[in-house]
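**Student:** Turn this into a structure:
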Amino acid sequence: MDVDSGPSLMAACYGAGALLSLLLARWSGRLALAVAHLAALSGAVAGVGVSLGVLLGPPGRTLTQPLPVLFPFARLSLSVDGLSAYFLLVISLVAIAAAIYGPAYLRAHSPDAGSARQAAQGLALNVFLGCMAFLCCAGDALTFLFCWEGMTLASYVLVVSDDRDGENARAGLLYMVMAHGGTALLLVAFLALTERAGAFDFAALRAAARALDPATRTTLFFLALGGFAAKAGVVPFHVWLPRAHPAAPSHVSALMSGVMLKVAIYGILRFAFDLLAPVAGPLPFSWGWTVLFVGTTSAVLGVLYALQQHDLKRLLAFHSVENIGIILIGVGLAMILWRQDGAGGALATVALTAALLHTLNHAAFKGLLFLGAGSVLCRTHVRNMEELGGLARRMPWTAGLFLLGAVAISALPPLNGFVSEWLTFQALLGSATRFHGPAGLVIVFSAAMLALTGGLAAACFVKAFGVTFLGRPRTPHAEHATEAPPSMIAGMVWLGALCVALGVAPGYAMRLLDAPTTNLLHGPGASVVVTARGPLVLSTALTSSGTNGTAISMTMVAALLIALAAIAWVLRRGWQPAKRRVAPTWTCGMRPTARFDYTATAFAKPLRLVFEALYHPRREVTRETAGTPYVFRRIHYAGEVVDLAETQIYHRVERDIAALSQAIRAKSTGRIYGYIGFVLGALFVALLLSGLGR
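**Tutor:** Model (predicted):
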């Protein structure tokens, strides 16, 4: 494929998919869905070609393509540099899996969907993917904001597209409120820059930012950080995420969690290291430390809340909060260390490499897990893990691939999640040697919290996999489940292969990270600091600067694990006992049933007690006796944990707004003269404040 014509090909594919889904729905909704997903697949493949052409091409290559003139005051354009190409690659890789997976899932999950809904889903999917892809390739603020808003609206349509009880509509409304609150902050930041630049293109904004005073520069950064944090689901802006992601179709959940959140990470990197970065010297002190603190908090709270979830997709949504926090730890460290003397530059490269690599890794294993959860949902129509169990025998492909994703997200070798978290630890421990006093303690504390996060994530997915796939079926839904269709399995296999490849031979991925790290840090590329020899090895560039480097061969770790597994299999097959007797498990004379198995509630109970101050658990126990208080016929237990951000922040704001609205309503007299006087008074105050400001 001609890389220079790649963006036009992407636009043609996504545009054709959107239009054809509307036209073909008049004759067949299923045909419209199939064509829409085929067009999305073509656009994603074109996106992979464009991104690889830039990432593996000559150093410093940038594709620039002007767009049609729509406004006399702005020049719209696309500009694909190293950073844009990398995020385009992340988007396109997951989009390929979603496009393969989607048609069969929608037919199985919603067989009664009408043509109108199917047309809306096909249209929204292509608009969603196209807006995300071109947002990362935007060369000006107006194109960025148009794509940002299109991405939000299209994902909203997908969230509410399958609403049978009104819950999805409420989740979509909350998502829209949070997303547009973030968009308002972005508008302020962009308009402040465009007002100084007199233009919308990024080159003009970059030049105008050089003249900003430190206070204005920092204010604009935190406005942008707030806007992007709302979209990324960073604590405390995460409350929409565990509602909207479970409501969407599962392949859309994989895109929202694995890809859409990363678009916000792209925005943070673009603002911090490119548009607002000072010409010389390090970034302002407050930027990196704030991002590091927010990332650490999100990582810990995300995994703690995920541990107490019984809804499989809601559990995965909270883990997105955790992994966005891990990415922000690397981004914050890179901000702190950039342009520092000594080994600071190399450590900044390691930190940014860890963040970017975890961006790709999380997209792969979280997309895989959401697709696995979707396979369970379309065959059982149940998301509550307490009503599942025993699915490994009935859905072996789905169980095996879900287990692969669970191992990857738990940061266990030899899969990809371990690689990027190991690199993050290297950056944290290397940075701790450069700082003393409170700053060093903060970095050490962040490393400790990252270790705690990894352990809790492993415990959470032991629960998720064990309760869902092992044991005995707890309900007829699980007992009569069958394996997912082949196309859904193919989508999962694609992402599972990425998890294995990025884990076993991560050194080869370092070449893909050269362009974005050089583009942002203006220093050595990732493969210079993290050598690309197949195994993952921190290079001697760190050691020569006074920071101890460490080395680990993921290829050898994988080979060792395979050899140990083979030895265990041979020993098991070769050793035959003299006599084998099969008998039911002894349970005090009772026949074992599914009620003997561990439940998700029981598994998480010890941690719920340890972190009771955070969870504020609510319990309700109902006992039904059999005529005497000493004999119980039935005991019903219901419990839930409380999201403190939701109760302590958003519920209070909601109550205050309701009280203010009631007060305004009480003062409403219905007299036109009073309203005119109020408007004139407000106008006078606004003009007075404007005059004082000038």
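
**Student:** Compute the number of surrounding residues for residue 459.
**Tutor:** By other Cβ atoms under 10 Å, the residues close to residue 459 number 17. For the C-beta atoms, the positions are set from N, CA and C on the backbone; glycine is no exception.

**Student:** Tell me how far it lies from residue 74.
**Tutor:** 51 Å (Cβ to Cβ, to the nearest Å).

**Student:** next one: residue 289
**Tutor:** Distance check for residue 289 against residue 74: by Cβ to Cβ, it reads 36 Å.

**Student:** ok, now residue 154?
**Tutor:** Distance, residue 154 to residue 74, using Cβ to Cβ: 23 Å.

**Student:** so after whichever strand or helix holds residue 354, what's the next helix or strand?
**Tutor:** Using DSSP states H and E, the element containing residue 354 is helix 344-380. With elements assigned by DSSP H and E, the helix or strand that comes after helix 344-380 is helix 391-394.

**Student:** Look at residue 154 and residue 74 and report which has more neighbours.
**Tutor:** Neighbour comparison, residue 154 and residue 74: the larger count goes to residue 154, with 22 against 17 (by other Cβ under 10 Å).

**Student:** Touching, the more buried one and residue 124? I think so.
**Tutor:** Yes. Here residue 154 reaches residue 124: they are 4.5 Å apart, a contact under Cβ atoms under 8 Å.

**Student:** Contacts only, for residue 125.
**Tutor:** 17, 36, 37, 40, 98, 102, 154, 158, 252 (Cβ atoms under 8 Å, 6 or more residues apart in numbering).

**Student:** Helix or strand with the lowest mean pLDDT in this protein?
**Tutor:** Of all helical and strand segments in the chain, the minimum by mean pLDDT, DSSP states H and E falls on helix 540-544, at a mean of 46.

**Student:** helices or strands next to the helix or strand following that one in the packing?
**Tutor:** Counting by DSSP H and E, the element after helix 540-544 in chain order, helix or strand, is strand 551-552. Applying 3 or more Cβ pairs under 8 Å, 6 or more residues apart in numbering; DSSP states H and E, one finds that strand 551-552 contacts strand 536-538.

**Student:** Return the list of helices and strands in contact with whatever helix or strand residue 665 lives in.
**Tutor:** Following DSSP H and E, one finds residue 665 within helix 651-667. Here helix 651-667 touches no other helix or strand, going by 3+ Cβ pairs under 8 Å, 6+ apart.

**Student:** which SS state does residue 620 fall under?
**Tutor:** strand (DSSP: H, G, I helix; E, B strand; the rest coil).

**Student:** so it makes contact with residue 640?
**Tutor:** No. Assessed by Cβ under 8 Å, residue 620 is found out of contact with residue 640, at 9.0 Å.

**Student:** which one of the two has more residues nearby?
**Tutor:** A direct count of neighbours by other Cβ under 10 Å for residue 620 and residue 640 places residue 640 higher, at 14 against 9.

**Student:** Distance-wise, check residue 391 relative to residue 473.
**Tutor:** From residue 391 to residue 473 the distance is 8 Å (Cβ to Cβ).

**Student:** residues in contact with the most centrally placed residue in the chain?
**Tutor:** The centre of the chain sits closest to residue 257, judged by Cα atoms, centre = their mean, with a distance of 3.7 Å. Counting by Cβ under 8 Å, 6+ apart, residue 257 touches 241, 245, 316, 317, 320, 366, 367, 370.

**Student:** Compare these and tell me which is most surrounded.
**Tutor:** residue 370 (35 neighbours).

**Student:** What distance do you get for that one to residue 362?
**Tutor:** Relative to residue 362, and taking Cβ to Cβ, residue 370 is found at 12 Å.

**Student:** do the same with residue 35
**Tutor:** Here residue 35 is placed at a distance of 30 Å from residue 362 (Cβ to Cβ).

**Student:** neighbour count winner among the two?
**Tutor:** residue 362 (29 against 20).

**Student:** circling back: could I get the pLDDT score of the residue nearest to the centre of the chain?
**Tutor:** Looking at residue 257, its pLDDT reads 91.

**Student:** check contacts around the closest residue in space to it that isn't next to it in sequence.
**Tutor:** Of all residues not flanking residue 257 in the chain, residue 320 sits nearest, at 4.5 Å (Cβ to Cβ, 6 or more residues apart in numbering). Contact analysis of residue 320 by Cβ under 8 Å, 6+ apart lists 233, 241, 245, 257, 261, 302, 362, 366.

**Student:** Please apply the same query to residue 88.
**Tutor:** 47, 50, 51, 80, 133, 136, 137.

**Student:** Please identify which helix or strand holds the fifth one.
**Tutor:** Spelled out, that is residue 133. helix 115-136.

**Student:** One more: the third one?
**Tutor:** Taking DSSP H and E as the definition, residue 51 sits inside helix 29-55.

**Student:** tilt between the helix holding residue 133 and helix 29-55?
**Tutor:** 10 degrees (axes from the mean of the first three to the mean of the last three Cα atoms, to 10 degrees).

**Student:** chain center to helix 115-136, what's the gap?
**Tutor:** 19 Å (Cα atoms, centre = their mean, to the nearest Å).

**Student:** Check stretch 304-323 too.
**Tutor:** 12 Å.

**Student:** Going by residue numbers, what spans are strands in this structure?
**Tutor:** Ranges of strands in the chain, per DSSP state E, are 63-66, 77-80, 530-532, 536-538, 551-552, 618-625, 632-640.

**Student:** What residues of the first one count as buried?
**Tutor:** I take that to be strand 63-66. By neighbour count on 16 or more other Cβ atoms under 10 Å, the buried set for strand 63-66 is 63, 65.

**Student:** Neighbouring strands - and their directions - for it?
**Tutor:** strand 77-80 (antiparallel) (DSSP bridges).

**Student:** Now tell me what touches the strand it pairs with from outside.
**Tutor:** Outside strand 77-80, the residues touching it (Cβ under 8 Å, 6+ apart) are 7, 50-51, 54, 62-67, 88, 134, 137-140, 143, 201-202.

**Student:** Rounded mean pLDDT for that strand, please.
**Tutor:** Here strand 77-80 scores 88 as its mean pLDDT.

**Student:** Stretch 393-401 too?
**Tutor:** 92.

**Student:** Okay, buried residues for that stretch please.
**Tutor:** 394, 395, 397, 398, 399, 401.

**Student:** how far does the helix holding residue 665 sit from the chain's center?
**Tutor:** On Cα atoms, centre = their mean, the centre of helix 651-667 falls 34 Å from that of its chain.

**Student:** I'd assumed residue 99 was in contact with residue 37.
**Tutor:** Yes. Between residue 37 and residue 99 a contact is recorded at 4.8 Å, counting by Cβ under 8 Å.

**Student:** who's in contact with residue 123?
**Tutor:** 18, 21, 22, 36, 157.

**Student:** List the ones among these that fall in helices.
**Tutor:** Assigned to helices by DSSP state H, the following of those qualify: 18, 21, 22, 36, 157.

**Student:** sorry, back to before: mean pLDDT lowest where, among the strands of the chain?
**Tutor:** Here the lowest mean pLDDT among the strands of the chain goes to strand 536-538, at a mean of 50.

**Student:** was I right about residue 124 contacting residue 160?
**Tutor:** No. In this structure residue 124 lies outside contact range of residue 160 using Cβ under 8 Å: 10.0 Å.

**Student:** just to revisit the earlier point, of all the strands of the chain, which one comes closest to residue 496?
**Tutor:** strand 536-538 (20.0 Å; Cβ to Cβ).

**Student:** rewinding a little: tell me which of the contacts of residue 257 is nearest to residue 453?
**Tutor:** Distances from residue 453 to the contacts of residue 257, taken by Cβ to Cβ, are shortest for residue 320, at 13.2 Å.

**Student:** Report pLDDT for the closest one.
**Tutor:** 93.

**Student:** Over to residue 230?
**Tutor:** 92.

**Student:** Not counting sequence-adjacent ones, nearest residue to it?
**Tutor:** residue 182 (3.1 Å).
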